[in-house]
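Participant: Turn this into a model:
(2 chains)
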Amino acid sequence: MKSFDTGLERESLICARCGYCQAVCPVFETLGWESTGPRGRMLIARAAAQGHVLSPDQAQRVYQCTLCGHCREVCSTRIDTVSIWAELRKRLAEQGHLSDRPLAALRDNLLAAGNITGDAAENRLLWQENLEPTQSFSSQLAGVEVVYFVGCVASLYPQVSAIPASLASLLRRADISFTTLGSGEKCCGFPLIAMGLPDEARRLAQENLNLVRALGARTLVMTCPTCYRTWKRVYPELLGEPLGVEVLHATEELVRLVKERRLVFKPVEGRVTYHDPCDLGRNGGLYDPPRLLIEAAPSVELVEMADSRGDAQCCGGGGNLESVDPELAAAIADRRLVQALDTGASTLITACQQCRRTLAAAARRQRVRLKVVDVVEFLAK
Amino acid sequence: MATASVDREPMALDALLGDRYTESDFERSFYRQDLAAVPSFLARLLANTEPAAVARPRTAEEVAALVRHAAARCLPIIPRAAATSTYWNSVPVRGGIVVDLNGLRGCLSLDEERLTVTVLPGTRWGELETWLGRRGCALRSYPTSAPSATVGGWISMEGYGIGSLKYGGLDRQVIRLEVVLPDGSLFEATAETNPPLSWFLAAEGTLGIITRVELAVRRQPAQTRHYLLAFPDMISLQSAIVDLAGTDPLPFLMHMSTVEHQRMLRRAGFEPPTDQPTLAVTFQGDADEVARAEALLRRAADRCGANELPADRAVEEWDNRFMALRLKRGGPTLLGAESWLPLDKLNAYNADVTQLAHRQRVNIATYGNVVSPTAASVMSLFAADESRSISYILALGLTNRLYDIALRHGGRPYGIGFWNTPYIRRAWSQALSAERRARKRQIDPLNITNPGKLYEPPAILWPPLFNAAMRMLAWMHRVTGRVS
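Facilitator: Below is the predicted model:
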């Protein structure tokens, strides 16, 4: 879609207050006050554009957003709302609103340790300990075809460590030589951008790019849609140069391998449904590759949820919302889980470790029998 | 009048609604506006738009308790949901409690034999259409703001939009309404009750709060076909519209665009289908009906010298049927007037608007939908900039000029709210005005439900003074425009 972005000052005036955004906003749907929807947030943007120092209440509403991009898709005046929210968060950071919020701890972890948890860099390799000896590989091996950028969540949250292990297994099966950035990998920087600190994100981006270039790989793949979108769409602008490496989401690479018949999957019985991660679908433009992969498994029955593809509801896990308001993030995930259950599927597949975490947590909270897996886990079995 | 028993002991609202009730300054400040961009000093001068509280009920019983609370204290109570109108229909003008009905949202049941759907008032029309589509049914009509406009909201307005030409107004579609009356009682209105259902249509929330709706729907049409015709001039466009609005089968949608509208689209960054006046026509029905309609369309097009544009452009027009406000990219603000106009006056109206635009040195874009065999709902818009207060205030005078033109051609403002109250005496007959005021007195003697709207202009908008002031502003706009 053509971009019309003219910056916060003019875009906040252009907003027609038609409310199309409000009708699809997961935060408005959950909290309900006019201030909690994108239309209300645009009034806050207008105040910022007029030079007002924003209040803590206004700041809280700006942070209570998953950056899912649904408001941008339906905007009657074609405002790139996600850019406006990012700019608004930048102004909040300039006004000092980060310091007294849980986001400050996240920022400090990122700046000190280069990851979202503050773990030691070596811990990024812990997921590899679960690999079979035959699946092991050396990190930072120059001359390979593919570099797998693992991302903070898959590296450092044990609940989803099966995701990188599964991708490693699939690439092995397809006889692809690959490596990772090992303990040198840094956060992609998106959490910093989402808290309005693009300059700090730039430093991490540059370090990551330098490592990838040193390996000389043709392709960089990610299982994390947020890392994917940040590398593909944000890095070139942030760093002011083309990356010189092909950036793919893992599902794109796997579809290529399926088409080349280098990967064949075992039959899977049963009904499954697929949740579109916001950063892969609406914000990344990839709707078909995960579906093609699921349907490449013989016998599987893929059923769509009531809202899917560009209309898919968010899982609540984006935009740093889990750090700002974990209860709100959980409530949004609960809503999405209801749609998954309505399909009668026994397995909910996604293509994002964060969606996998939030939706699996929702299933546990609601005590429902629904297996939540990433598409690479589903296929690696 | 059959009513449920009324509990005269009002509850504390925070006890009733918990965290769905607020008196916080921060939250209340978001309920002072609708789509209209009104400079804050002007808003403060004209009305008290600041609600004392905002409440978000989820059930009719909670709405009833809220209304009883307000009635016991003579507090204004203002129903609101998507707030997609521009006349302050859902903005307080005397303070009071805003009742946000977004929580009463959901499609309850579909009666496939009778072809009716029961729905809560905060449900979006777009959402209802999707829900019906999954069950093989469709709405008979819906607003051009269907993605956000709510069922209760559009019923409270005049309710003419896409599909109205073929299926008529909402008076032919709404079968039953559950309403919380101003005394806090729950009332089920049908055509046979006293007061009848028709009183609550287009009442702009001044006679009560709608809490449940039963609507007639239809089976999904077997076929939908879109056409886009370009005309050499407005006379031939009008002629084709009059022709097609009198045919059988009737189009589901007839949307007209003037040359000025195409020009404004381009200025806003969009590619119009052509630089000529256009008519987008959509037919729906079975194969035979659509084939007959297509033949009638081609005959009208030939007679009027129209060119048929490629099918993909026709589909694009249909896809953009909810996107009229994209014109705002050429603003950043839009001002204008929406009028109900006789079809045989469309050309004369547009000629006068063009003359006004020429005098005022602005581009005024006119477009609209044919909503009955004799009338269209027509929007005339021009770009302004609300951040430049003085020139913006002067530009407000042009809206009055636009309504004057519509009234001169037998038209009237579409929707009253607060801002169009100065036109009531010219838009409605004396008998209709008297009848409507009598209804209000009968049902809401305390004047608590959405006061200050629909019936009488406030003193500060006294029509002679208002008209003189607006003419002065328009004159100053013209003079300052020339100077600049």
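
Participant: Work out the sheet partners of the helix or strand bottoming out on mean pLDDT in chain A and label each with its direction, please.
Facilitator: Every helix and strand of chain A was ranked by mean pLDDT, DSSP states H and E. The lowest is strand A:178-180, at a mean of 92. Next to strand A:178-180 in the sheet, as set by DSSP bridges, lie strand A:146-149 (parallel).

Participant: Run the chain-centre distance for the partner strand.
Facilitator: Distance of strand A:146-149 from the chain centroid (Cα atoms, centre = their mean, to the nearest Å) equals 17 Å.

Participant: Only the C-alpha atoms, please, for it, written as CSV.
Facilitator: Output in CSV follows, covering the C-alpha atoms of strand A:146-149 (Å, rounded to 0.1, in the frame of the first residue of the first chain):
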residue,chain,number,x,y,z
VAL,A,146,22.4,-19.7,6.0
VAL,A,147,22.7,-17.8,9.3
TYR,A,148,19.9,-18.4,11.8
PHE,A,149,19.2,-15.3,13.9
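
Participant: any residues touching it, and which ones?
Facilitator: Residues from elsewhere that reach strand A:146-149 (Cβ atoms under 8 Å, 6 or more residues apart in numbering or on different chains): A:164, A:167-168, A:171, A:176-181, A:185, A:188, A:208, A:212, A:215, A:217-224, A:227, A:231, A:245, A:250, A:253. All C-beta atoms are positioned from the backbone trio N, CA, C, and that covers glycine.

Participant: Could you tell me the per-residue confidence at the closest residue to A:Ala49 other than its chain neighbours?
Facilitator: Nearest residue to A:Ala49 in three dimensions, chain neighbours excluded: A:Glu9, at 4.4 Å (Cβ to Cβ, 6 or more residues apart in numbering or on different chains). For A:Glu9, the model assigns a pLDDT of 96.

Participant: ok but A:Glu9 is inside a strand, no?
Facilitator: No - checked against DSSP: H, G, I helix; E, B strand; the rest coil, A:Glu9 lies outside a strand; its state is helix.

Participant: What is the burial count for it?
Facilitator: The number of residues packed near A:Glu9 is 16, by other Cβ atoms under 10 Å in any protein chain shown.

Participant: Likewise for the one 4 residues further on?
Facilitator: A count of nearby residues for A:Leu13, using other Cβ under 10 Å, gives 20.

Participant: what do you get for A:Gly182?
Facilitator: Neighbours of A:Gly182 using other Cβ under 10 Å come to 17.

Participant: Point out where the chain drops to low pLDDT.
Facilitator: I went with chain A, as the question did not name one. Residue ranges of chain A with pLDDT under 70: A:1, A:133-140.

Participant: nope, chain B
Facilitator: B:1-11, B:482-484.

Participant: Please list the residues of it that sit near chain A.
Facilitator: Counting by Cβ under 8 Å from any Cβ of the partner chain, chain B comes close to chain A at B:20, B:22, B:26-27, B:30-31, B:33-35, B:54, B:56, B:82-84, B:100, B:102-103, B:124, B:126-127, B:134, B:145, B:147-148, B:269, B:322-326, B:328-329, B:331-334, B:385-387.

Participant: ChimeraX command to pick out the buried ones of those residues?
Facilitator: Listed next is the ChimeraX selection for buried residues among the residues of chain B next to chain A, using 16 or more other Cβ atoms under 10 Å in any protein chain shown:
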select /B:20,22,27,30,31,33,34,35,54,56,82,83,84,100,102,103,124,126,127,145,147,148,322,323,324,325,326,328,329,331,332,333,334,386,387
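
Participant: Next step: the residues of chain B next to chain A restricted to helices.
Facilitator: B:Phe26, B:Glu27, B:Gly126, B:Glu127 (DSSP state H).
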